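Engineer: Provided below for reference: sequence and predicted model.
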Amino acid sequence: MKSKFLMKLSLALAVVGAIFLQTSCSTVPVSGRHSMGGLVSDTAVVEMSVEQFEAMKKQFPVSRNPKYNAMLQEVGNNIAMVVGYDILNPDWEFVVFEDPGAINALAMAGGKVGVFTGIFKVAKTKDDLAIVIGHEIAHVSAKHVNERLSKAMIGQGVGAGLAVITGGGGTLAGSAIMSAYGLGSQLGGLGFNRRMESEADEIGLIYAARAGYNPRAAIALWERMAEEGSGDAPPEFFSTHPSHDTRIMNIHALLPKAIEEYELAKSGGIRENIIIIE
Ligand SMILES: [Zn+2]
């Protein structure tokens, strides 16, 4: 017999299936991998994500800490410049949420980025924060949420969704979206898998470097994350991420390319694929 949780999840995904159903394919920026988020409409994901971000701003206290906010705005805007149209219809917004216990951050489709004040325990410098923001935005540009929803819908049977698209569907679809971001409270987070996390590390490191932030900071940052991660409330960065040693090894392998991008950015070099916003 299905548990109540699975029933709710199944229903929510079916609703999402009915709303978002679409076939498309795309290529992931930087890594060049072919995205599998084909069942989910990109536009619908943006709309739902923007809506959920608005809800988050009502649900969580927004921090007015001037230092944290200044740091996030500066780093966020610089990274947004290099991400450009790797993501669909970006209307960038960077919000610090007050929760010193949450070493967590997220980026949502539509260019919505949130960090919790706890992140500043490990992201001490702008370089550190750039690695975190780059990683989160990479989840969006690589369409990991679309892929997660798409796969979950196949698992649940998309067709069933057409029968249930009535009353309260918006809320359930919203819950499914938040689950795919790993933040669902009602349904439990589906989250990203290890392959997605490694891909976000790779793309995020390049974004940070292109925005002029030192990618070498990543090693010490992830070391500190791992130390914090031994606590009892594992944030996004630990739940399904590659094991600590694997992650550090991967980052070391990625560093030469990232440093090259960083040096180029520092010397004022402009890459062809960077969109200059005037
Ligand atoms: Zn991640």
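Structural biologist: Thanks, I have the structure now.

Engineer: The helix or strand harbouring Ile131 close to the ion?
Structural biologist: Using DSSP states H and E, Ile131 falls within helix 126-141. No. Counting by C-beta under 5 Å from the ion, the ion has no neighbours in helix 126-141; the shortest distance is 5.6 Å. C-beta here means a position set from N, CA and C on the backbone, and glycine is covered the same way.

Engineer: same for that helix, what does it pack against?
Structural biologist: Applying 3 or more C-beta pairs under 8 Å, 6 or more residues apart in numbering; DSSP states H and E, one finds that helix 126-141 makes contact with helix 66-83, strand 105-108, strand 112-116, helix 194-210, helix 217-228.

Engineer: Deepest-packed of the ones you listed, please.
Structural biologist: strand 105-108 (a mean of 26; mean count of other C-beta atoms under 10 Å).

Engineer: so what strands line up beside it?
Structural biologist: Paired with strand 105-108 in the same sheet, following DSSP bridges, are strand 112-116 (antiparallel).

Engineer: what does the stretch 101-250 of the chain have sitting close to the ion?
Structural biologist: When proximity is defined by C-beta under 5 Å from the ion, the stretch 101-250 of the chain lies next to the ion at 197, 200.

Engineer: where does this protein dip in pLDDT?
Structural biologist: 1-26, 31-32, 34-39, 152-175, 182-191, 229-242, 269-278 (pLDDT under 70).

Engineer: still on that earlier bit, between the helices and strands packed on helix 126-141, which gets nearest to Lys124?
Structural biologist: Evaluated with C-beta to C-beta, these place helix 217-228 nearest to Lys124, the distance being 8.1 Å.

Engineer: How about residues contacting the closest one?
Structural biologist: 103, 121-123, 125, 127-128, 130-132, 201, 205, 208, 237-238, 244, 247-248, 251-252, 255 (C-beta atoms under 8 Å, 6 or more residues apart in numbering).

Engineer: From those residues, list the buried ones, please.
Structural biologist: The neighbour-count criterion (16 or more other C-beta atoms under 10 Å) marks 103, 122-123, 127-128, 130-132, 201, 205, 208, 237-238, 247-248, 251, 255 among the contacts of helix 217-228 as buried.

Engineer: one step back: the helix holding Ile131 versus helix 66-83: what angle between them?
Structural biologist: 50 degrees (axes from the mean of the first three to the mean of the last three C-alpha atoms, to 10 degrees).

Engineer: orientation of helix 126-141 relative to helix 194-210 in degrees?
Structural biologist: Using the same axes, to 10 degrees: helix 126-141 against helix 194-210 is 130 degrees.
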